[in-house]
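Visitor: show me the folded form of this:
(3 chains)
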Amino acid sequence: MAEPDWREHLYTLVAAIPPGTTTSYGALARQISGASARSVARALSQLPEGSRLPWHRVIRSDGRIADHPGRAEQTERLKAEGVFIRS
DNA sequence: AGTTTGACGGAGA
DNA sequence: TTCTCCGCCAAAC
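Guide: Numbers count the residues shown, from 1 in each chain, chains lettered A, B, ... in the order given. As a prediction, the model looks like this:
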């Protein structure tokens, strides 16, 4: 098959992240065959607004919030869940 | 077809 | 700890 549509897999994994916990792009990429940290990040960047995926629980491997326009919102949400963020 | 861009990661300074 | 450089990879120009 020419198209490794692992997006489904990615969505499943993201949806399975327990509240109050976080994971990283690279960690997800390692769980998905054919994906890389870059690919995962790009996939999430294209996520539609209506999706109920807890995308805010995906941060960088160093425990910081990734550089992106929704970074403020993500920080707020994580803070609301009591997640410790390296600042 | 070649270059740039980006919600990354890791090593080195 | 922060910054830079390089590798990776697909989409956009």
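
Visitor: check what pLDDT the spatially most central residue of chain A gets.
Guide: The centroid of chain A falls nearest to residue A:58 when counting by CA atoms, centre = their mean (3.1 Å). Reported pLDDT at residue A:58 in the predicted model: 97.

Visitor: ditto for residue A:23
Guide: 96.

Visitor: repeat for residue A:33
Guide: Residue A:33 is given a pLDDT of 89.

Visitor: next one: residue A:65
Guide: pLDDT recorded at residue A:65 is 95.

Visitor: about what we covered before: was I right about the residue nearest to the centre of chain A contacting residue A:23?
Guide: Yes - with contact defined as CB atoms under 8 Å, residue A:58 reaches residue A:23; the gap is 5.9 Å. Where C-beta positions appear, they are placed from N, C-alpha and C, glycine not excepted.

Visitor: tell me, what's touching the two both at once?
Guide: Common contacts of residue A:58 and residue A:23 (CB atoms under 8 Å, 6 or more residues apart in numbering): residue A:17.

Visitor: what's near enough to touch the closest residue to DNA strand B within chain A?
Guide: Of all residues in chain A, residue A:68 sits closest to DNA strand B, at 2.7 Å by CB to the nearest atom of the strand. Remark: with contacts taken as CB under 8 Å, 6+ apart, residue A:68 is in contact with A:45, A:74.
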